Every structure is written in structure tokens, then in C-alpha cells.
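*Asks:* What shape does this take:
(chains A and B)
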Amino acid sequence: MSGSDRITAELVAKVSRLARLDLTPDEIDDATGKLADMLDHFADIDALDLADVEPMTQPYPLRNVFREDVEVPCLDRDEVLAAAPAAVDGRFEVPPIVGLED
Amino acid sequence: MATSTSSSGDLPTTATDIAAAVRAGTVSAADVLERHLAAIDAREGEIHAFNLVLADEARTAAARVDADVAAGRDPGPLAGVPVALKDNLCTHGIPTTCSSKILEGWRPPYDATVVQRLAAAGAVAVGKTNLDEFAMGSSTENSAFGPTRNPVDTSRVPGGSSGGSAAAVAAGFAPISLGSDTGGSIRQPAALCGVVGVKPTYGVVSRYGLVAFASSLDQIGPFSTTVADSALVLETIGGHDPMDSTSIPEPVPGLTAVLDQGVEGLRVGRITDLPEGASPDVAARLEAAFDTLAAAGATIVDVEVPAFTYGLTAYYLIAPAEASSNLARYDGVRYGLRVPAPDTNTMYMATRHEGFGDEVKRRIMLGTYALSAGYYDAYYGKALKVRRLISDDFARAYQSVDVLLTPASPTVAFRIGDKVDDPFTMYLCDTYTIPSNLSGHPGMSVPFGTGADGLPVGVQVLASTLGEPTMFRVAAELERAMATADAIAATRGEVSS
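*Replies:* Reported below is the predicted structural model:
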């Protein structure tokens, strides 16, 4: 199945909501065409037999890293909050999270 | 090819020579800095290598180095060496934008480890360099603040994403700079601008304070005009850092000491099934590089790396998938842009729509799709398996060779605007650099003459895990051969590359 068969404007709109991107209808159209085009190019790996291949997520196996449980300096809270769009009472300030949808 | 275009007078031009002279007290860090600031004044308007020039901060830092020298304190191995920093490296209190509107004006509350280490070594940061937004691109045209131009030919791109850092060195704005390389973003612009660029082994350089793009691929590395300067910088910024959990817990291998060892007895691999796409001028320079190394005593060995050709697909599924996750943090809550809205979800959507450019949105969409329920196995999961094949193929090849040689970029620098409308054509720029990001192996581009229109060509030297010493030996041999060729051309009165 080619990328253009799989990628519809409805699917792109759904993905944009998952990605928290407020795309305009024109941007949805553009993304639909370009995503389909890319997935067509990426079909080259469909021919590979990957059944017995172990996925590789990192160049090297990661091990847990421990350190002594001692206090070390951390970022200055006021400095961090000063870089935020809005802060109040030593915290990040955001608009309401619940109660406004639907 | 030390082609610093600034008028040098009697002042040294390479980082190695500048540091030696400053340490010896024969040249002041202040004088070195002023010469580079003058070069920036003269040409930055045309090149746009920088998002921000730090003249005042640099003057303070240079004065401190000079004070150290005067007081008999060790000013460090990079004493008084101007350095340009890619603008995705956090600098405490100094704007760090990633060339994105979403981070415009943000001042990080800490320095990246590499920034700390350069400062401790006496280097003088002169500015933050332009990049493709969040390091996504191969031409530095995807910057929210406008493109960077190639100092060799200003109608052309410098490559990307670290195009500003490559251009800064090529234009003589700084003898060294730092970039980041996720799929070729140091090596490709180095090739296009005619400078040296190094992607170290994954884990050799701490990424603490590098704004994350694709965490299993990102590495920081140097640009310079000489192989020795990159070796010096990598020795300075490399080594274990407890602040990066992927940092290899070992000292960085010695590099400056091995540069004169030559290539006698080394096995240099020619990939017989390398993906096509290199233009004839670039392919000819690669052949010349094999000839040069053979003449210097290396053995050329044919090897196959069959999965190399699938690197592009694996990369453009894995990197966007990781990016879609890493870039979820830009939500208008903790830093950067916020578009006000009555509830948080609408705020996230509006902020990200306003703050991200087209290519970043495209990759977030691609990555979100590749990771989404129902498609994960078909795309992301499959790409991870291809990544294993590529890594295994490299491991097999490195059993019979010490290094591999490929082009760094399929072509010389292309014209601004040529590839912006077709993302996939742009992605092909990374064909030869991507596989070693997937495997984690080191790679570097070394200038090796010119191709079409007299533009620089870079040859890529690849090595196995922690194979940097061998990689640098080969690069140094290629550099010596070019210097000899240039000297012969000069005595004949020809215009050298």
C-alpha cells in the first residue's frame, strides 16, 4: 500500500491534534501531500526481511547510572521562573486545564 | 587547507598557534579578539553566520585571559581562541534560540557542559551561530531569522544544520566553532564551506545543555580550518560528564599526539555498494583521496555495507519520532513563546502553531504519525530494526578495515532556494552522513580540493567506536597531501584551491 493510499486529510488532522499543532486547512492539505510522498520514498525498507532482527534504540546499551545521595546545587528557581511566560507565587502560571472544553 | 580570509598580519590564525602565542605572552587575547571582531564587522552583514555577536562578553573574557597570562596563571589550552557556538547550545543568561520563534528571547539558566569546558580552557565565545530551526535541515535556510550564506560563494548555501558555525570558520570570524550533528549537520556544512568538521563517537561529548533534537543520534563536535585544531577542541570538550547519562565514562582518547603518525599499514575501506548520488566532481575527489592514502602506505580494501542504503529511511523515521517527543516541551508553559488562550490545550495548539516553522511542523507530524497506534510497528518499529542491520554491517566492515572513506556530501554547495520546496530532495544531502549517526560511530569531513565551479569538496572519514585517533590520522594525511599540492601549485603560479 503506497503512502498516498494511507494518508488522508482526516488522518493528518488527527495526527495534528495528537501533536498539539493547530494546523490550518491549507497546512493540512500540504502536509497530507508531503507526508504521503515521504512515506512512498520510505517504502524501500518494506522489502527487507526483519523478522529476526532485534530493534536498536541506542548506539550502546544504556545502563542505570547511580551516584551518591548527596545534595548538589540545582537551578535557581527565581531565575527559571523569570524566563517563563507567566509565573505566580513561585510557580508556572497557566490558564485553566479543565472545565472549558465541550 | 588553512584558508582564513581575515587579513592576518603577523598574528597567528589557527587555534593551536593562537593558544601557543597567547600562552607564551607574545600575542594578547585582546588583539586576537579585535582582529576577529573586525572580520565580523566587515562581512557578517553579507554572510549572516550569527544570530547574536557577543562583543562585550568576549572582550571581558579576553581581558581575563590576558590577566591570567600577566599574573603567571595557566590560561588554559585554548587561551584566547575565539569560538563561535551553535545557537542550540545553552549559554547562561545569553539568548539561545535554536533559530526558532518559539524560543526567541529565552535566556537559559545554565551553561552547556561544552560551553563551560571551552571557557575553562580559556576560549573566548564570540557569538551564537545560525542554524536550521532546531537543527532540522541541510542548508540553514530553515532559520526563523533568515538564511546563512556560504562565504566561498554567497549565492550558495553553507549546508546545515550547523551552517552558521561552518560559515563563521570559513569566513575567518573565529578559528573554531561548535556544531551539533544528528544526521550530518556538522560534516555536510563543513564539506560545503571547505573546513574540517567532526562528529565524535556517540557519548564522547556531553550533550548536557544541547537543546535536544533526536537524543539517540545527537552529538556535539568542532569545526576548524585544520585537523589539528579540531583534535585540540575535541580533547578539550570530550570526556565523561555525569550530567549526561549517555556520556561514556572514559577519558577522550589522545588526538593531537597521533596526527603525525601517517597511515602506513592502515586499511582504508572503499564501500562497493555505496548508494549512488554523488556527482562526478565529488566522486573524482574521493578517488583522489584513495590514491593519496595508498601512496602514503595505506591498503585500500573493498567492503560491502549493504544496509547503508537504507539509512535515509531509517533516519527520517527515527529522528522525527524522537523529535516529536523532545519538542513536546515547547508548550508555552515554562519558557519561550506563549499565545494566550482561555484553556491550556488551546494554548498549546496555538503556541506551537505560531512558534514552529514549516519543516519543524513537518517532522513533528511525521514523527507523531510514525509513533501513533496502528502505525508504530509499520514505521518506527521497522526503522529500529533497520538501524540494527546498519550497525551490524558497519561492525562487520570494521573487522577488515580501520576506516571507511565516502563523500561527506553528494554535491558541492547548491544555490540558495534550490531545494526548499521539496523536503525529500533536501534529505538526500545526508545520504552519506546519516548511517554513522544511526550506528553511533565517529565521522569527520576534511577538505580535499574543489569540484564544480571551484567549490570545496569534503571527504568523509568514518571509523569504529572510539576510533577517533585512527580517523584523525587519516584526515591529517589527506590534509598534508592537499597542503603539498597547494604548495606545488603556488610555485607554478597557479591559483590553488
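
*Asks:* Tell me which residues touch the residue most central in space within chain A, please.
*Replies:* The structure's chain A has its C-alpha centroid closest to A:Ala19; by Cα atoms, centre = their mean the separation is 6.1 Å. For A:Ala19, the residues meeting the contact criterion (Cβ atoms under 8 Å, 6 or more residues apart in numbering or on different chains) are B:324, B:352, B:364-365, B:368. The way it works is simple: take the backbone N, C-alpha and C, and place the C-beta from them, glycine included.

*Asks:* What sits closest to the residue of chain B at minimum distance from chain A if chain neighbours are left out?
*Replies:* Nearest residue of chain B to chain A: B:Gly440, at 2.4 Å (Cβ to the nearest Cβ). Nearest residue to B:Gly440, sequence neighbours excluded (Cβ to Cβ, 6 or more residues apart in numbering or on different chains): A:Pro59, at 2.4 Å.

*Asks:* And the one you found, what's its pLDDT?
*Replies:* The per-residue pLDDT reported for A:Pro59 equals 92.

*Asks:* Those residues of the stretch 51-200 of chain B touching chain A, which are they?
*Replies:* The interface of the stretch 51-200 of chain B toward chain A, taken as Cβ under 8 Å from any Cβ of the partner chain, is made up of B:106-110.

*Asks:* same question but for the stretch 351-497 of chain B, I mixed them up
*Replies:* By the rule Cβ under 8 Å from any Cβ, the part of the stretch 351-497 of chain B lying against chain A is B:352-353, B:356, B:361-362, B:364-366, B:368-369, B:372, B:379, B:381-389, B:391, B:423-424, B:438-441, B:465.

*Asks:* in which helix or strand would I find the residue nearest to B:Gly440?
*Replies:* A:Pro59 is part of no helix or strand when elements are defined by DSSP states H and E.

*Asks:* mind listing what the closest residue to B:Asp430 other than its chain neighbours touches?
*Replies:* What sits nearest to B:Asp430 in space, not counting adjacent residues and going by Cβ to Cβ, 6+ apart, is B:Gly184, at 4.2 Å. With Cβ under 8 Å, 6+ apart as the criterion, the residues that contact B:Gly184 are B:138, B:199, B:408-409, B:429-430, B:432-434, B:437.

*Asks:* pLDDT check: weakest of those?
*Replies:* Within the contacts of B:Gly184, B:Cys429 has the lowest pLDDT, namely 93.

*Asks:* got the phi/psi numbers for that residue?
*Replies:* Main-chain dihedrals, B:Cys429, degrees, to the nearest 10: phi -60, psi -20.

*Asks:* Confirm for me that B:Val195 is in contact with B:Val227.
*Replies:* No: in this structure B:Val195 lies outside contact range of B:Val227 using Cβ atoms under 8 Å: 10.6 Å.

*Asks:* more crowded one of the two?
*Replies:* B:Val195 (35 against 27; other Cβ atoms under 10 Å in any protein chain shown).

*Asks:* related to what we said a few turns ago, from the residues of the stretch 351-497 of chain B next to chain A, which land in strands?
*Replies:* Taking DSSP state E as the definition of strands, those contribute nothing to them.

*Asks:* how far away is the closest residue to chain B within chain A from B:Thr313?
*Replies:* Going by Cβ to the nearest Cβ, chain B is nearest to A:Pro59 of chain A, at 2.4 Å. From A:Pro59 across to B:Thr313, the span is 18 Å (Cβ to Cβ, to the nearest Å).

*Asks:* Ok, B:Ile488 next?
*Replies:* From B:Ile488 over to B:Thr313 (counting by Cβ to Cβ), the distance is 44 Å.

*Asks:* Looking at those two, which one has more neighbours?
*Replies:* Higher neighbour count among B:Ile488 and B:Thr313: B:Thr313, with 24 against 11, using other Cβ under 10 Å.

*Asks:* Return the distance of that one relative to B:Leu389.
*Replies:* Computed with Cβ to Cβ, the distance linking B:Thr313 and B:Leu389 is 12 Å.

*Asks:* Quick check: nearest residue in space to A:Pro85, chain neighbours excluded?
*Replies:* Of all residues beyond its chain neighbours, the one nearest A:Pro85 is B:Arg338 (3.6 Å), with distances taken as Cβ to Cβ, 6+ apart.
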